[in-house]
Each structure stands twice: as structure tokens, then as C-alpha cells.
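S.K.: here you go, sequence then predicted model.
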Amino acid sequence: MGTKTPEELTGTHHGPMPQPPDPRGAATDLDVLAALQAAFATTVDTVDPDVPVPSCGRWRVRHLVVHLARVHHWAAGQASRTRETPLGRGPFDLPVLYRTCAEELLTTLRRLDPAAHAWTLSDDGVPREQQTGTVAFWHRRQKLETLVHLWDLRAAAGLATDVGPLGDATQWWDAVREVAEVMHPRQVRLGRVAAPPVALVLRRGDGGPEPVDVVLDGGSAVAPAPASPRVVVTGRAQDLGLMVWGRVPTASSALAVAGEGMADDDAHAALAGLVAAGLTP
């Protein structure tokens, strides 16, 4: 997800943003991915490639577009268990490059059986006999990769970031769940960060069909004791998703942070430390 290499995976808009298919709740991850890709491609057509992207460090729009195109190309190879042919250094025609790689990914994922074995981030650092990754992993991973980077692109250009597929709280809540289920446990498993000293509880404050908290504990197999300290963060699904991906600061007024079994000030400090250490690649 992020702003790293593919292996570490991360103006005015004209016309309506593409929407995930109806009826409500019927859209698959591939449906949403297609809608997000279409929105990204349409936005690329309207934004100056030299516009800075503050959420991605020193990147400009052209770096973001090439990055997501490369990730799509790489992920298509991961899903089909083939080494991708490098795209080269460029320069690229950005709209053509992105549309070509987006279509390659979507075509590949639609062709493959979702249950077929694939190379996935879930299996990094896991013994071969215990690896369980399937093509369906990439349906979700690329959906959420594109969700976050579409936000990056539109925020950089000063465009609305809560319209079309970006306004779908279900997808942002899935981004939160994926960090807790896949990304942060991988960080811990690969030794990039230490297992968190306290559990981080992420709680939707905007309703929705999934009121159950997401608990981020680094994938610990040992359930914390009931009296263990916890950091509880409440906010909209989008703000929580952006926070775990480092796009919204932990001190944002959009987030309510409280400690359970610890002082609120200590909870704020613990949250800031966890996010700074790297919940994601």
C-alpha cells in the first residue's frame, strides 16, 4: 500500500466518478477495483503530473501514477505466479501506462480462479508447507492499494476525496481490517517492527453494518488478558483507514483517542509510536 517499491506493497474533475455496481452490497472486490481504476485513470487525465503529493513524501503526481501502474503490473504476475517483465525506466505516457497496467491486472484476475494458489504477502516469511495464499488475496489487496492511492491523487489535486468509490465507507473499513489481518502481522513476522506493547482497538463512529471493533495486536496468537491496557481510536471508517496508512495524523481532530487501563495521554503517545514505527510497509 504504500509509497514503497512494488515488492513492499502502497484541477476539476469532469463528469461523475465511477460507482461500484448495485444493488448495494452486491459489489465484489473486482467490481470495486474496476471502479477505482476507472476513477484513477479519469483523474490522471485532469491533473498536472508535476503537482506534489504531500501524502507520499517527495513524490509528484507522475511518481504516484508510475508507482500504481508498476504495482498493478507486478501484482498480475504475483497472482499468476509468473515473474513480470520490467516496464523500464520511462519516460512514460502516464495515461496510457496506467490504463494498460490496470487492464492487465483486471484481465488477469478475472481469468484466474480466485481459489487458485498465488504468491501473496500473507505468505512472506511463512514456511512453504504452511502457505495458503490465493488469487483472491490480490482482488482485495489491489482494490485497497488503488483506494488509498486514488485518495492520494485527488487530495494532491485539491479534489473531493469522499465521492464515488472513495465515499464508500465499507471499503475504508476493509482497509482497516486488512492492516490488522495482513499488513501489520506481516511487519511483525518479518521483524520490521516489534509486536505492540498494547492492543490498538479501532472503532467505527459512523455506524455501518460491521460495528465489531478491529483489534490490531500484530497477529499475536495469545489473546490479551481482559485487564490489559488498550488504546481505543474512534472515527469515521475513512479517517481510520487513512490513519493506519499514515495519511491522517494520529492527533487529528477527526479521531477520538482514549486509553482503557491507561491514561489518555499515554494512549495518544502509544498510538503515535505504533503508527510511526510502521503498521504497513
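M.R.: Done, it's in. Numbers count the residues shown, from 1 in each chain.

S.K.: so Val215, which of the three states?
M.R.: What DSSP: H, G, I helix; E, B strand; the rest coil gives for Val215 is strand.

S.K.: so what's it up against?
M.R.: Contact analysis of Val215 by C-beta atoms under 8 Å, 6 or more residues apart in numbering lists 180, 199-202. Where you see a C-beta, it was placed from the backbone N, CA and C, and this is true even at glycine.

S.K.: if we take the residues you listed, which one ends up nearest to Gly273?
M.R.: Leu200 (10.6 Å; C-beta to C-beta).

S.K.: can you get me a residue count around that closest one?
M.R.: 24 (other C-beta atoms under 10 Å).

S.K.: how about it, phi and psi?
M.R.: Main-chain dihedrals, Leu200, degrees, to the nearest 10: phi -100, psi 120.

S.K.: identify the spatial nearest neighbour of it, chain neighbours not counted.
M.R.: Sequence neighbours aside, Leu216 is the residue nearest to Leu200 in space, at 4.2 Å (criterion: C-beta to C-beta, 6 or more residues apart in numbering).

S.K.: residue contacts, that neighbour?
M.R.: Leu216 touches 179-180, 184, 196, 199-202, 244, 274, 279, counting by C-beta under 8 Å, 6+ apart.

S.K.: out of these, the closest to Leu255 would be?
M.R.: Checking the contacts of Leu216 against Leu255 by C-beta to C-beta gives Leu202 as the nearest, at 9.7 Å.

S.K.: ignoring the adjacent residues along the chain, who's closest to the closest one?
M.R.: Val214 is the one closest to Leu202 (C-beta to C-beta, 6+ apart), at 4.4 Å.

S.K.: how near is the one you found to Leu274?
M.R.: Applying C-beta to C-beta, to the nearest Å, the value for Val214 to Leu274 is 14 Å.

S.K.: same check, this time on Arg89
M.R.: In this view, Arg89 and Leu274 are 36 Å apart by C-beta to C-beta.

S.K.: please say which of these two ends up with more neighbours.
M.R.: With neighbours defined as other C-beta under 10 Å, Arg89 and Leu274 compare such that Leu274 has more, 22 against 7.

S.K.: returning to what we had before: from Ala155, how far off is the residue nearest to Leu202?
M.R.: Distance from Val214 to Ala155, counting by C-beta to C-beta: 24 Å.

S.K.: pick out whichever of those two has more residues nearby.
M.R.: Set side by side, Val214 and Ala155 show more neighbours around Val214, with 20 against 17, by other C-beta under 10 Å.

S.K.: who are the contact partners of the more buried one?
M.R.: Taking C-beta under 8 Å, 6+ apart, we find Val214 in contact with 173, 176-177, 180, 201-203.

S.K.: from these, pick the one nearest Gly261.
M.R.: Distance ranking of the contacts of Val214 against Gly261, using C-beta to C-beta, places Val201 first at 11.4 Å.

S.K.: which SS state does the closest residue to the closest one other than its chain neighbours fall under?
M.R.: Spatial nearest neighbour of Val201, excluding adjacent residues (C-beta to C-beta, 6+ apart): Val232 at 4.5 Å. Three-state assignment for Val232 (three-state DSSP): strand.

S.K.: count residues in the vicinity of Val232, would you?
M.R.: By other C-beta under 10 Å, 19 other residues sit near Val232.

S.K.: go on, the one 10 residues further on?
M.R.: The number of residues packed around Leu242, counting by other C-beta under 10 Å, is 26.

S.K.: ok, now Thr85?
M.R.: Residues near Thr85, counting by other C-beta under 10 Å, number 8.

S.K.: the residue nearest to Val65 when sequence neighbours are not counted and Phe40, how far apart?
M.R.: Spatial nearest neighbour of Val65, chain neighbours left out: Leu94 (4.7 Å); criterion: C-beta to C-beta, 6+ apart. Noted for Leu94: a distance of 11 Å to Phe40, by C-beta to C-beta.

S.K.: quick one: the helices in the stretch 51-200 of the chain, in order.
M.R.: With DSSP state H, counting those that start in this stretch as the criterion, the stretch 51-200 of the chain has helices at 61-80, 94-111, 135-156, 169-178, 184-189.

S.K.: contacting residues around Leu112?
M.R.: Leu112 neighbours (C-beta under 8 Å, 6+ apart): 79-80, 118, 135.

S.K.: pretty sure Ala254 sits in a strand.
M.R.: No - assessed with three-state DSSP, Ala254 is coil; it does not lie in a strand.
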